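Peer 1: heads up, no residue letters with this:
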């Protein structure tokens, strides 16, 4: 199954739903950053959420950034997504190792620690929208549920999950975001709450072979879901040697000449995709002359 997001409504548009399957993009992130299992789970959850929240954006050039700034050993998580389902991200410490939590699961909350969630939306205005909330559980899904309720005043339910294989590759990954419209009736709300109470684990359902469409039917049982569209989602970084070179030029000729004087090639790394760009001394000399 390739990665995709289902966008739907239910109960005569009283509910809007996003369901994502993200195994390949989370595995891509794990492979690029060589993350430990708990770091993969934490990053994978935020990547999945970012992909779905990015798909809520209206403009082609709109950009969403999610930052989890906790005091835990993972040293923060940053994810950026666009409206086309493309997402990228990284953690501060990809090598963090922790014992399992009290229920035998990967201790994402322990890795993240206490802190804040920042949601930044660059919608092409003079200033981006910035929302910040205190992390409630540091498990990511509950923190986003709280963010939607407090910062955007949208009653929501967020479910996210990453399941690892014994060889530390990604077995399953996905999630959902369900939001109530202001005109949702009590009857619809009660039925949705009943349905959500039956979903204990996103990854266990994925591991049983359920895809986003089947998850949608479970989440919206008896609420008559209508699929609006499906969009592909993937790990995508727009860095390039040309973009990195522009950043290098921005430090100025004097700084570049100091690098040349050291007599060693330099390597610049993209945090988001962990790609290295090497600039040799001869190339730097030519570059300095052009500035």
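Peer 2: Happy to help now that I have it. Everything quoted here is computed from the prediction, not taken from an experiment.
Peer 1: residues near the closest residue to residue 60 other than its chain neighbours, how many?
Peer 2: Once flanking residues are discounted, residue 60 sits nearest to residue 83: 6.2 Å by CB to CB, 6 or more residues apart in numbering. To be clear about C-beta, it is placed using only N, CA and C from the backbone, and glycine gets the same treatment. Counted with other CB atoms under 10 Å, residues neighbouring residue 83 total 17.
Peer 1: dump the residue contacts of residue 83.
Peer 2: 54, 55, 57, 58, 59, 60, 62 (CB atoms under 8 Å, 6 or more residues apart in numbering).
Peer 1: quick one: the strands in the chain?
Peer 2: 4-10, 15-21, 63-70, 77-82, 86-91, 115-122, 129-134, 156-164, 170-180, 226-232, 234-235, 266-269, 276-279 (DSSP state E).
Peer 1: Please identify the pairing partners of the second one and their relative orientation?
Peer 2: Note on strand 15-21: by DSSP bridges, its sheet partners are strand 4-10 (antiparallel), strand 170-180 (antiparallel).
Peer 1: what comes into contact with that strand?
Peer 2: With CB under 8 Å, 6+ apart, strand 15-21 has contacts from 1, 3-10, 48, 51-52, 55-56, 173-181, 184, 188, 192, 206, 211-213, 215-216, 219-220, 223, 225, 233.
Peer 1: Just send the strands of the chain back as CSV, with mean neighbour count, mean pLDDT and distance to residue 148 too.
Peer 2: Below are the strands of the chain laid out as CSV (neighbours: other CB atoms under 10 Å; pLDDT from 0 to 100; distance: least, CB to CB, whole Å):
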stretch, mean neighbour count, mean pLDDT, distance to residue 148
strand 4-10, 21, 98, 16
strand 15-21, 25, 98, 12
strand 63-70, 22, 97, 12
strand 77-82, 24, 98, 16
strand 86-91, 26, 98, 18
strand 115-122, 18, 98, 9
strand 129-134, 14, 96, 9
strand 156-164, 23, 97, 4
strand 170-180, 24, 98, 7
strand 226-232, 13, 97, 19
strand 234-235, 20, 98, 24
strand 266-269, 13, 93, 34
strand 276-279, 14, 95, 37
